[in-house]
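Engineer: Okay, here's the prediction I keep looking at, along with the sequence it came from:
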Amino acid sequence: MAFAYARPTAPLSLGAICFRDRPFPQIIAAASASGFPGIGLTVGQCVSALERGIALEELPKRIEDAGLKVAELELVRLCDDGPTRCANGLVEDLVDILEPDRLHTAAFTGEAARAADEFAALCQRHPHTPVAVEFMPYSVVKNVEAALSLVSHAGTDNATIALDIVHFFRSGGTIEQIDNQLLDHVAGVQLSDVSPRTGVELAREARHLRTYPGRGNLDTVGFLARILLLEASLPPISVEPVSDALERLPLAVVSEEVIFTTMQTIAKAESAAACKADGDHTFAHAAFDSSDGCATP
């Protein structure tokens, strides 16, 4: 059974990292115009809004007036003893103000045991908000197995996982690893795409070189179809084509491209899952018949 939220959530959101260096009014205008029900926000974006004269307590009203809700709030950085602790504290204060669907956390320093303890403590401090750990091959929590270990260690109902497709595949994940045990703890799926580039480090690829879902080489259709074969519907999805190049474009253009490519990719996954369930076609990403979306045998 998929992770069960206690309250309604945004099924699709424009991810926070799409908004690097974008003014807050532009963020909500673009997401709302493209028909997204949700957005992600970082603590930095909230501070930026404050610097523009928008009080933190005013953010929920502006978001609601735009027909949006906060799907993801980022990011509590575990095991950080430096000034980042101040930012972490503000993120946690914003949980009560913004009431996000889920709170994201990650660990870029420290030991795995300490990260597990701090994750558990974070979950306990926010018992009414799902806390989703993001695993990344270049972080302390390197893969889906490590993320599941943190969830087990926390032992709370709100301890969850953010399943980012780039980090999943780049950490060695396979579609066969997506099973009911994993999906029980997945609070959200993050979509984007990448293509192989010689000599590019994984951290740089993830932070600067992503593109829209379905535009790269990841098996996004197979990834989503696998989930649909196990669950009646997809978990909440956020889309984060994090790209230095795309940041040169108007956010309204990026937002429109995100919604078109994402909905097209989801439709292909739904057709692929239906074909696999029917057993009439070979389940494959590569060769979809345009008439029914099924792979040609």
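Structural biologist: Yep, that arrived. Treat the numbers as computed from the prediction; the structure is a model and nothing was measured. Numbers count the residues shown, from 1 in each chain.
Engineer: Which strands or helices does the helix or strand Ala147 falls within pack on?
Structural biologist: Using DSSP states H and E, the element containing Ala147 is helix 144-154. Contacts defined by 3 or more Cβ pairs under 8 Å, 6 or more residues apart in numbering; DSSP states H and E place helix 144-154 against helix 112-125, strand 131-134, strand 159-164, helix 180-183. C-betas here are computed from N, CA, C, even on glycine.
Engineer: again, only this time at 6 Å
Structural biologist: When contacts are defined as 3 or more Cβ pairs under 6 Å, 6 or more residues apart in numbering; DSSP states H and E, helix 144-154 packs onto helix 112-125.
Engineer: Okay, buried residues for the helix it packs on please.
Structural biologist: Going by neighbour count (16 or more other Cβ atoms under 10 Å), the buried part of helix 112-125 is 112, 115-120, 122-123.
Engineer: Okay, angle between that helix and strand 159-164 too, please.
Structural biologist: 110 degrees (axes from the mean of the first three to the mean of the last three Cα atoms, to 10 degrees).
Engineer: need the longest helix for this protein.
Structural biologist: helix 251-278 (DSSP state H).
Engineer: quick one on the thing from earlier: could you export the helix holding Ala147 as PDB, CA atoms only?
Structural biologist: Output in PDB follows, covering the C-alpha atoms of helix 144-154 (Å, rounded to 0.1, in the frame of the first residue of the first chain):
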ATOM      1  CA  VAL A 144      17.500   3.700  -1.700                       C
ATOM      2  CA  GLU A 145      18.700   0.900   0.700                       C
ATOM      3  CA  ALA A 146      20.300   3.500   2.900                       C
ATOM      4  CA  ALA A 147      17.100   5.600   2.900                       C
ATOM      5  CA  LEU A 148      15.000   2.600   3.900                       C
ATOM      6  CA  SER A 149      17.400   2.000   6.700                       C
ATOM      7  CA  LEU A 150      16.900   5.500   8.000                       C
ATOM      8  CA  VAL A 151      13.100   5.100   7.800                       C
ATOM      9  CA  SER A 152      13.300   1.900   9.800                       C
ATOM     10  CA  HIS A 153      15.600   3.500  12.400                       C
ATOM     11  CA  ALA A 154      13.200   6.400  12.900                       C
END
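Engineer: helix or strand for the spatially most central residue of the chain, which one?
Structural biologist: When Cα atoms, centre = their mean is applied to the chain, the residue found nearest the centroid is Gln190 (3.0 Å). Element membership for Gln190 (DSSP H and E) is strand 186-191.
Engineer: helices or strands next to that strand in the packing?
Structural biologist: Right, strand 186-191 is packed against strand 159-164, strand 237-239 by 3+ Cβ pairs under 6 Å, 6+ apart.
Engineer: Of these, give the one that comes closest to Ser149.
Structural biologist: Of all the helices and strands packed on strand 186-191, it is strand 159-164 that lies closest to Ser149, at 10.7 Å by Cβ to Cβ.
Engineer: Many thanks, have a good one.
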